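1. Give me coordinates for this.
(2 chains)
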There are 2 protein chains.
Amino acid sequence: MSNDTLQIRRIGIDTYHENVAYLNRECAFYRAEGFQALSKIKVCANGNKLLAVLNVVDDSSIVHSGELGLSEQAFQKLNIDEGALVTVEHAEPPVSMDAVRRKINGERLSQDDFTSIAKDIAETRYSKMEMAAFLVATGQNNLDRDELLYLTRAMLDSGERMNWHESLVADKHCIGGIPGNRTSMLVVPIVAAHGMLIPKTSSRAITSPAGTADTMEVLAEVNLPPERLHDIVRQERGCLAWGGTAKLAPVDDLLISVERPLGIDSQGQMVASILSKKLAAGSTHLIVDIPVGPTAKVRHMRQALALRKLFEFVGDQLNIHLEVMITDGRQPVGRGIGPVLEARDIMQVLENNPDAPFDLRQKSLQLAGRIIEFDPDVRGGQGYAIARDILDSGRALAKMNDLIQAQGAKTIDFTPGTLCHEVCADQDGIVTHIDNFQMAKIARIAGAPMDKKAGVDLLKKIGDRVQKGEPIYRVYAGFSADFKFAKTLAADDNGYRIGVEEHVLKPLVAF
Amino acid sequence: MSNDTLQIRRIGIDTYHENVAYLNRECAFYRAEGFQALSKIKVCANGNKLLAVLNVVDDSSIVHSGELGLSEQAFQKLNIDEGALVTVEHAEPPVSMDAVRRKINGERLSQDDFTSIAKDIAETRYSKMEMAAFLVATGQNNLDRDELLYLTRAMLDSGERMNWHESLVADKHCIGGIPGNRTSMLVVPIVAAHGMLIPKTSSRAITSPAGTADTMEVLAEVNLPPERLHDIVRQERGCLAWGGTAKLAPVDDLLISVERPLGIDSQGQMVASILSKKLAAGSTHLIVDIPVGPTAKVRHMRQALALRKLFEFVGDQLNIHLEVMITDGRQPVGRGIGPVLEARDIMQVLENNPDAPFDLRQKSLQLAGRIIEFDPDVRGGQGYAIARDILDSGRALAKMNDLIQAQGAKTIDFTPGTLCHEVCADQDGIVTHIDNFQMAKIARIAGAPMDKKAGVDLLKKIGDRVQKGEPIYRVYAGFSADFKFAKTLAADDNGYRIGVEEHVLKPLVAF
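-> This next block holds a predicted model:
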């Protein structure tokens, strides 16, 4: 073996989104090139290139001095055989970090700046640290609306774009923040049963106790290869899948993998994230749901209106027919919070079970009605009635069952986690407030969404009368550590306020 | 072995500042607790605790399902024997990230917020991503001067604090940005020869081609255990050591390990970093050197004055006697840029070599003179003359040799890298401008500071007359890839402007 090359060795270590390369400290390359631990290197093998973070190894049984080890994901990405020869060099830092530094210094960035940032992120030239710097620098009010348009366009252009070859491809999206708000799983079967194309792909939970993909996964496979997804959509007019496997707006996924652990979530990035994903998925018509309430992401009507304008501005520039619905975000929607409990609520609505949560049904019908009115053949104002007929007649349930079969049915089991704790009212009165954040936090600490059976089941909602000692909700968990933390959290602040009639929180929006 | 514990295995992988733990995918813990790759876990072993990032392993020869592997640094930090039993649980995200998120949202933080952030960072609860978020959120103009005071105090309180039991402990610090500006290596021998205590610890280069520690390392050991450092200072009245081994303001080191690869550098963080380190090192009197020039860190006099006020405000609140000197930052100081070349310049000045760079000598004497005037027995205005006498008489050289012997002398070799490229004037005229950034960049790309012999040697400075084809500087490198990149960079922009007398850049400050 020449002195210039190293043999590839596959190292069975899972480093998630981060490529890691392992070099023995005695390796001639390591010594000659003045690499440092955690610096980035470029691995080249006949045409294929890969950037990876360097870990230095002192144990020759892991890699010896003539080898370059690659973590599982890095090995797969480089896509060459074990034992093949590669060369290694210093990776230059991504050029577009200059633009990020200019942004940190308060400058306004151009379309070209955002395009090169998105390109470098898509090609995994950015470390997690660099992505965090970009996210914080462009967070909050640091982007004006033109910059937001540039960012959205750059994120859209960073990946593939689907084309359904139809003039009307519908979609809906909620900005999040309201536990239990799984309307997509009702809207899609209703709209698809009406015959409109609604190929819905969703994310997993970022900071919430469940995303649509997590909840749908209780009923069916959601991790579908793109060809299979296409076939299902063609046959069923819709789907409820996880969006992560398609190569759409890959920058968005990478940024979310940093936003998630950091727990940051800015309005500008939200608009760019949502619109780039929807446009990449080929959507032509989109309803955006913005819940407003004192513990929602959007707390005041003026904020909701400002956000609506941002969506409209960027949407119009990028040629998507977009409508914003500002909805009631005072409290969780439905009863269950957590994948299994939410899936149970949805099936109750679809089955027209008299115990089904009424608010989840109503909100879903309103959203579905607005989407159905995108259909040029539907008379203005008739959407809601059409949606209701589809649900009441059982056609939505039938469509849901078709989707479940097509995606791959799971053995359905709505039994929640075996550890159960009842939280009870500490006085007589009426439920005046429920804190969305606190309820989401309790459900997450209990284990949702990783533990699908964990979560919270609400027995009382705003306006309900309760007696002292009566249960107001149940916490479910599967693991004792999670259960203990969740009980402590609920004991500290149970998220409910009980008072008199006059203090009941009124909705900020009328329906 | 019980089902609740795992055996510690030391994994010979160097992960630098980041603790990494390796769990087999088949491990009962991994499966039961719903860990995710790259999530953070807490490792507990009779009283000792450690936070680590989780890597999931599929190769039982690295770790089997009953073991927990720890990277080299993590193993040393946990400080228990291989084979000892530990338990593992989810690490909760650091509570103080709530404050960082509030800062991202534009809130003002309190002393308590900064104290808890610094504590969590010092206890390595922050990932690099989280530190990047903190740095960007508190960067640029995002801290007011009270917040800056809180941050400095929090960083100071995060580590140990030295006490020299003397009423006057002198120090100097330059904010950086000027290549070749190694005045500390002249100021320390002069001031120590005068008898004042000046225990100077320096950092390695962050974004520059050499730090004082990198350059001193050409002559002597700089990586000294704290007890040894103390003995040297007691005996010699000074030292020129690397500050990283002492446990002073550890938060600063951790933040720098993120700032360095990100290439970010804000004024507020600079003030906090410098003052916390100096106070922790026990300094009572400090001269801060702020070079100003069009390609310096500080470009305008008004910025230099604003920065001076920040230093004075925080310094006064924290009880350090601080004076700011605003200096000429139009061009590099001395001739050499890079550890070996800069060390050569310094020894020439100390040896009163007639070819020694005059600007390096003059600036060092001015700084040393100001420090000597901190001595209550020195009459105002006499500092410079005292410093000059110490240098001219050879007492500074003798002191430097004593310091080198005390720290551990190296075999001195001022031969620069074997690969040499001469950059020549493209026209007749006078050197009107030299770009500090570009010269630093060329020296870094050539391999400095990792490759100590790499760098740039300036043959002409501002005001010098040159003829077309005459060499203006030489680029030295040790490795061909570095050499190639550096030549390309210099061909693209050599950093010099040559013109007529009237265009020669005038200093922004008078001396």
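2. Next, count neighbours for the residue of the stretch 401-511 of chain A found nearest chain B.
-> Nearest residue of the stretch 401-511 of chain A to chain B (Cβ to the nearest Cβ) works out as residue A:450 at 4.1 Å. C-betas here are computed from N, CA, C, even on glycine. Residue A:450 has 20 neighbours, counted by other Cβ atoms under 10 Å in any protein chain shown.
3. Distance-wise, check it relative to residue A:473.
-> 21 Å (Cβ to Cβ, to the nearest Å).
4. before we move on, what about residue A:11?
-> In terms of Cβ to Cβ, residue A:11 sits 46 Å off from residue A:473.
5. quick one: low-confidence ranges for chain A?
-> By pLDDT under 70, the weakly predicted segments of chain A are A:1-4, A:17, A:31-38, A:206, A:245-246, A:510-511.
6. quick check: angle from the longest strand belonging to it to strand B:48-57?
-> For chain A, the strand with the greatest residue count under DSSP state E is strand A:48-57. Using axes from the mean of the first three to the mean of the last three Cα atoms, to 10 degrees, the inter-axis angle of strand A:48-57 relative to strand B:48-57 is 150 degrees.
7. Paired strands for whichever helix or strand comes after strand A:48-57, with orientation please.
-> Per DSSP states H and E, the first helix or strand lying C-terminal to strand A:48-57 is strand A:67-71. Here strand A:67-71 is paired, per DSSP bridges, with strand A:6-11 (parallel), strand A:20-24 (antiparallel).
8. export these to JSON lines and tack on distance to residue B:458?
-> Supplementary listing: the strands paired with strand A:67-71 in JSON lines, determined by distance: least, Cβ to Cβ, whole Å:
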{"stretch": "strand A:6-11", "distance to residue B:458": "38"}
{"stretch": "strand A:20-24", "distance to residue B:458": "36"}
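9. any idea which of those is most buried?
-> For the strands paired with strand A:67-71, the largest average neighbour count (mean count of other Cβ atoms under 10 Å in any protein chain shown) is found in strand A:20-24, namely a mean of 25.
10. Identify the residues contacting residue A:368.
-> A:186, A:187, A:190, A:191, A:383, A:387, A:390 (Cβ atoms under 8 Å, 6 or more residues apart in numbering or on different chains).
11. Report how many residues lie close to the last one.
-> Here the count is done by other Cβ under 10 Å, and residue A:390 has 23 residues near it.
12. surely it meets residue A:195?
-> No - if you go by Cβ atoms under 8 Å, residue A:390 and residue A:195 don't touch, sitting 10.2 Å apart.
13. Could you check how far the nearest residue to residue A:289 once chain neighbours are set aside is from residue A:281?
-> Spatial nearest neighbour of residue A:289, excluding adjacent residues (Cβ to Cβ, 6 or more residues apart in numbering or on different chains): residue A:174 at 3.9 Å. Distance from residue A:174 to residue A:281, counting by Cβ to Cβ: 16 Å.
14. burial measure for residue A:130, as a count.
-> 26.
15. same deal with residue A:316?
-> 12.
16. a helix runs through it, doesn't it?
-> Yes - assessed with DSSP: H, G, I helix; E, B strand; the rest coil, residue A:316 lies in a helix.
17. In this structure it contacts residue A:322, no?
-> Yes - Residue A:316 is within contact range of residue A:322, at 7.5 Å (criterion: Cβ under 8 Å).
18. how far does stretch A:221-240 stretch from start to finish?
-> 9 Å (Cα to Cα, to the nearest Å).
19. what about that stretch, near chain B?
-> No - Stretch A:221-240 is not in contact with chain B by Cβ under 8 Å from any Cβ of the partner chain; minimum separation 15.7 Å.
20. Contacts only, for residue A:387.
-> Counted by Cβ under 8 Å, 6+ apart, residue A:387 has contacts A:190, A:191, A:194, A:364, A:365, A:368, A:369, A:372.
21. most centrally placed residue in chain A?
-> residue A:203 (3.2 Å; Cα atoms, centre = their mean).
22. Pick out whichever of the contacts of residue A:387 sits closest to chain B.
-> Nearest member of those to chain B, counting by Cβ to the nearest Cβ, is residue A:364, at 29.9 Å.
23. Let me know whether that closest one touches residue A:349 as I believe.
-> Yes - between residue A:364 and residue A:349 there is a contact at 7.0 Å, judged by Cβ under 8 Å.
24. And the two? Which one has more around it.
-> More neighbours surround residue A:364 than the other of residue A:364 and residue A:349, with 29 against 24 (other Cβ under 10 Å).
25. Can I get the helix or strand that contains that one as CSV, trimmed to CA atoms?
-> Assessed by DSSP H and E, residue A:364 sits inside helix A:358-372. Taking C-alpha atoms only, helix A:358-372 is exported to CSV below (Å, rounded to 0.1, in the frame of the first residue of the first chain):
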residue,chain,number,x,y,z
PHE,A,358,-66.3,17.0,19.7
ASP,A,359,-63.7,19.7,19.3
LEU,A,360,-61.3,17.5,17.3
ARG,A,361,-64.2,16.6,15.0
GLN,A,362,-65.4,20.2,14.6
LYS,A,363,-61.9,21.6,13.9
SER,A,364,-61.1,18.8,11.4
LEU,A,365,-64.4,19.4,9.5
GLN,A,366,-63.7,23.1,9.3
LEU,A,367,-60.2,22.6,7.9
ALA,A,368,-61.4,19.9,5.5
GLY,A,369,-64.3,22.1,4.4
ARG,A,370,-61.9,24.9,3.5
ILE,A,371,-59.7,22.6,1.5
ILE,A,372,-62.7,21.1,-0.3
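26. tell me the angle of the next helix or strand after that helix relative to helix A:358-372?
-> Using DSSP H and E, the helix or strand that follows helix A:358-372 in sequence is helix A:383-392. Between helix A:383-392 and helix A:358-372, the angle comes out at 120 degrees (the same axes, to 10 degrees).
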